[in-house]
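**Q** Okay, here's the prediction I keep looking at, along with the sequence it came from:
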Amino acid sequence: MSLVRYTVIAIIVGAALSPGGQRDTTAASQTLVAKMEAAYKTLDALHIKVKSSAKYSGGMSAEDFPPPGPDTLELRMQRPNKVFLSATSRRDGEQSSYLVVSDGATLSYWRSWTNSFVQTKAPAVLAGIARQLPDDAIGTVVDGTWEDQDIVEWDLLADDRTPSIMEALGAPAGVLTTTTGPEKQGGALVHVVRLTTAPGALPFTIEQSYYLDAESYLLRGWVASARGKHPENGRDFTVEMHSQYELVSTRPTFSDADFRFVAPRGARPDKGR
């Protein structure tokens with residue numbers, strides 16, 4: 001694993017948990033993020049489909065600068081305890097996937113790395129599902145090990161505590177937060193919350209833009225840009241990441257089939273968990 005990747009993981013994962021760093025969070029940004037948190041926690045149902053992509057230059061790659069979420073994601077949720085979460089990522093030509101499915105009575109979890117699944121009694125609420133999953137449930141396989149990834153919607157739906165503004169958005173240390181909008185994106189009005197690293201806080205700059213629906217305050221898109229000098233080869237590099245929300249429905253018409261776990265071909269029960 002390269003030095004760059006260690007640095008980026010420390011920024012994305014560690015800094016979000018640390019109170020340190022210069023943070024100028026505007027009142028408008030705080031208000032918008034608070035409304036976003038409240039919107040997800042009060043949803044009765046949700047259906048989203050998201051595709052993410054990344055472009056690299058200057059010798060940078062996904063190995064050095066890993067995307068913070070899966071390449072493709074589908075999430076269906078119906079309170080109090082029904083969920084279908086399917087995620088897939090591809091790294092170095094290898095694809096990994098996982099499923100988390102609760103039909104209200106049984107909780108099932110499958111991962112492609114072992115092609116095995118675990119089944120247990122479903123807890124009464126979504127927060128119980130999050131606590132009952134294995135530590136490595138949400139992630140993808142890199143070099144034979146699981147790498148944690150963040151799904152903002154799942155974190156907000158299934159976490160029964162109230163995260164900070166920075167935790168809610170997975171903000172890096174030293175960010176300056178600004179808000180713009182509402183503006184039009186894809187035919188919808190959105191507010192834009194931008195998180196930008198403060199000058200000198202990191203050896204490169206990162207700007208993340210979160211697009212929140214002007215009416216529902218749910219996520220409608222996410223863009224991140226990073227620029228700097230590659231610490232290993234000295235070249236100027238850029239990284240551009242995009243998450244495109246192909247479906248966001250807060251009034252989906254679900255049936256029992258939408259929360260039915262079907263074991264992939266050849267999958268076997270994991271008796272070791």
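**A** Sure thing, it's come through.
**Q** Am I right that T179 is in contact with L195?
**A** No. At 10.6 Å, T179 does not count as touching L195 under the criterion of C-beta atoms under 8 Å. Heads up, the C-betas are built off the backbone N, CA and C, glycines and all.
**Q** more crowded one of those two?
**A** L195 (24 against 18; other C-beta atoms under 10 Å).
**Q** in the stretch 1-150 of the chain, what spans have low per-residue confidence?
**A** Scanning the stretch 1-150 of the chain for pLDDT under 70 picks out the ranges 1-25, 142-146, 148.
**Q** Tell me the buried residues in stretch 245-253?
**A** Residues of stretch 245-253 classed as buried by neighbour count (16 or more other C-beta atoms under 10 Å): 245, 248.
**Q** Spatially, what comes nearest to R235 if we skip its sequence neighbours?
**A** G58 (4.3 Å; C-beta to C-beta, 6 or more residues apart in numbering).
**Q** what are the bridge partners for V100, then?
**A** Going by DSSP bridges, V100 is paired in beta bridges with L85, Y109.
**Q** Contact partners for the residue nearest to R235?
**A** G58 is in contact with 230, 233, 235-238, counting by C-beta atoms under 8 Å, 6 or more residues apart in numbering.
**Q** Make sure A38 is indeed in a strand.
**A** No. Secondary structure assignment (DSSP: H, G, I helix; E, B strand; the rest coil) places A38 in helix, not in a strand.
**Q** What separation do you get for it and A45?
**A** 16 Å (C-beta to C-beta, to the nearest Å).
**Q** same deal with P269?
**A** 30 Å.
**Q** what do you get for R90?
**A** 30 Å.
**Q** same question, S249
**A** 8 Å.
**Q** same question, P264
**A** Counting by C-beta to C-beta, the gap from P264 to A45 is 26 Å.
**Q** mind listing the strands for the stretch 51-200 of the chain?
**A** 72-78, 82-91, 94-103, 106-111, 116-121, 139-142, 145-148, 175-185, 188-197 (DSSP state E, counting those that start in this stretch).
**Q** Next, the angle strand 175-185 makes with the following helix or strand past the last one.
**A** Looking back up the chat, that one is strand 188-197. Moving toward the C-terminus from strand 188-197, the next helix or strand (DSSP states H and E) is strand 204-213. Between strand 204-213 and strand 175-185, the angle comes out at 40 degrees (axes from the mean of the first three to the mean of the last three C-alpha atoms, to 10 degrees).
**Q** buried sites along strand 204-213?
**A** Neighbour-count burial for strand 204-213 [16+ other C-beta under 10 Å]: 204, 206-213.
**Q** before we move on, what about stretch 256-265?
**A** 259, 261.
**Q** Now find how far off-centre that stretch is within its chain.
**A** 23 Å (C-alpha atoms, centre = their mean, to the nearest Å).
**Q** Dump that stretch to PDB, restricted to CA.
**A** Provided in PDB are the C-alpha atoms of stretch 256-265 (Å, rounded to 0.1, in the frame of the first residue of the first chain):
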ATOM      1  CA  ASP A 256     -42.200  -8.400  -0.200                       C
ATOM      2  CA  ALA A 257     -40.000  -9.300  -3.100                       C
ATOM      3  CA  ASP A 258     -38.100  -6.100  -2.700                       C
ATOM      4  CA  PHE A 259     -36.700  -7.300   0.600                       C
ATOM      5  CA  ARG A 260     -36.300 -11.000  -0.200                       C
ATOM      6  CA  PHE A 261     -32.700 -12.400   0.100                       C
ATOM      7  CA  VAL A 262     -31.700 -14.700  -2.700                       C
ATOM      8  CA  ALA A 263     -28.300 -16.300  -2.200                       C
ATOM      9  CA  PRO A 264     -26.100 -15.800  -5.200                       C
ATOM     10  CA  ARG A 265     -25.100 -18.900  -7.200                       C
END
